[in-house]
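Undergrad: Just need the structure, nothing else, for what follows:
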Amino acid sequence: MKGFGYTRPWVLINEKPSYGVDGLIVTSLPPITKPKMRYSSEEIDGRDGDIVTTLGYQAYDKTLSIGLHGGFDIDKVVEFFATSGTITFSSEPDKVYRFQQLESIDFERLVRYRTADVKLHVQPYKTGKLQRPKVFTNADAQAVIVNAGNVVAAPKLTIKASGNVGLYLDGSQILSVTNSGDYTLIVDVANLEAATPEGVLMNRRITGDYARLMLSPGKHSIKWSGTVHSLTIEDYSRWI
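TA: Model prediction:
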């Protein structure tokens with residue numbers, strides 16, 4: 001990546017580099033921090049301590065500082081940040097966050113003083129930038145996949161199949177698909193749903209528990225029964 005040889009801090013927003021925006025400088029990046037865990041606690045009379053139930057990691061904010069120089073175009077700077085999608089920081093060039101830009105940027109200050117802070121709302125998990133979808137066909141005995149991250153991953157599986165199909169993770173059947181003819185089904189474990197590529201929900205065709213397809217760190221085997229023309233697995237590694 002060109003940015004690896006760029007000496008100043010930089011960010012990629014939806015694969016567009018900050019150093020490609022005329023007059024824009026990223027002067028400092030946010031620290032690398034672990035998101036906070038959401039939880040609920042309950043105290044019971046007669047029992048010491050409390051009962052803590054974890055509820056998942058919180059989304060949080062990251063703030064970077066930017067500056068202007070030379071023949072900058074403020075409209076292009078606004079356009080670069082006023083969006084949502086994916087972001088990579090040069091301090092973690094191999095990781096990708098999902099983010100939204102929710103708070104307005106003081107662009108009047110930016111124009112006047114040539115410096116401002118940008119606050120971005122990021123989701124707690126990050127994925128590997130170099131992680132590519134893995135494709136397996138009916139000629140393969142199984143799909144071997146490795147979650148190289150440090151936390152459980154919620155993969156997305158695209159199944160091109162004919163007729164009824166069973167899906168197995170590490171030897172245990174997780175899902176069964178009841179359908180006829182040729183079809184394509186996208187199983188989105190993060191959102192606990194299945195749909196066609198056109199977005200038509202297909203949950204009624206699925207029996208099983210999507211959450212059991214979560215991948216803990218390490219190696220996993222995914223097998224199938226029935227006629228599976230191809231199985232594509234994405235988002236199989238995740239970090240916090």
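Undergrad: all contacts plus neighbour counts: C-alpha atoms, from now on.
TA: Noted.
Undergrad: is it true that Gly149 touches Leu215?
TA: No: counting by CA atoms under 8 Å, Leu215 is not a contact partner of Gly149; they are 10.0 Å apart.
Undergrad: higher neighbour count, the two?
TA: Using other CA atoms under 10 Å, the more surrounded residue of Gly149 and Leu215 is Leu215, with 24 against 19.
Undergrad: Enumerate every residue touching that one.
TA: 147, 152-155, 236 (CA atoms under 8 Å, 6 or more residues apart in numbering).
Undergrad: Repeat that for Ile145.
TA: With CA under 8 Å, 6+ apart, Ile145 has these contacts: 219-222, 236.
Undergrad: and with 7 Å instead?
TA: 219-221 (CA atoms under 7 Å, 6 or more residues apart in numbering).
Undergrad: and what of Phe136?
TA: Here Phe136 is in contact with 143, 230-232 (CA under 7 Å, 6+ apart).
Undergrad: repeat that with 8 Å
TA: 142-143, 230-232.
Undergrad: Check which helix or strand it maps to.
TA: strand 134-137 (DSSP states H and E).
Undergrad: For that strand, which strands pair with it and how are they oriented?
TA: Sheet pairing here is set by DSSP bridges, and for strand 134-137 it gives strand 218-234 (antiparallel).
Undergrad: re earlier: what's the next secondary structure element after the strand holding Phe136?
TA: Next along from strand 134-137, by DSSP H and E: strand 143-147.
Undergrad: Each with direction, which strands does that next one pair with?
TA: For strand 143-147, pairing defined by DSSP bridges yields strand 218-234 (antiparallel).
Undergrad: what's the neighbour count on Asn138?
TA: Using other CA under 10 Å, Asn138 has 15 neighbouring residues.
Undergrad: sorry, that was for Glu79
TA: 10.
Undergrad: Let me know the secondary structure of Arg112.
TA: Per DSSP: H, G, I helix; E, B strand; the rest coil, the local secondary structure of Arg112 is helix.
Undergrad: And it, how far from His69?
TA: With distances taken as CA to CA, to the nearest Å, Arg112 is found 12 Å from His69.
Undergrad: Next: Thr137.
TA: From Thr137 to His69 the distance is 52 Å (CA to CA).
Undergrad: more crowded one of those two?
TA: More crowded of Thr137 and His69, by other CA under 10 Å: Thr137, with 16 against 12.
Undergrad: Now do the contacts for that one.
TA: If you count contacts by CA under 8 Å, 6+ apart, Thr137 has them with 228-231.
Undergrad: Next, find the distance separating the residue nearest to Asn164 when sequence neighbours are not counted from Leu215.
TA: Closest residue in space to Asn164, ignoring its immediate chain neighbours: Thr178 at 4.8 Å, by CA to CA, 6 or more residues apart in numbering. To Leu215, Thr178 is 24 Å away according to CA to CA.
Undergrad: Give me the below-cutoff pLDDT ranges for this structure.
TA: Per-residue confidence for the chain (pLDDT under 70) gives these ranges: 1-6.
Undergrad: run the last query once more with 50
TA: Within the chain, the ranges that satisfy pLDDT under 50 run 1-2.
Undergrad: And the helices in it, which stretches?
TA: In the chain, the segments counted as helices under DSSP state H are 74-81, 107-113.
Undergrad: Can you lay out those helices as a markdown table showing distance to Tyr57?
TA: Output for the helices of the chain, formatted as a markdown table (distance: least, CA to CA, whole Å):
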| stretch | distance to Tyr57 |
| --- | --- |
| helix 74-81 | 25 |
| helix 107-113 | 32 |
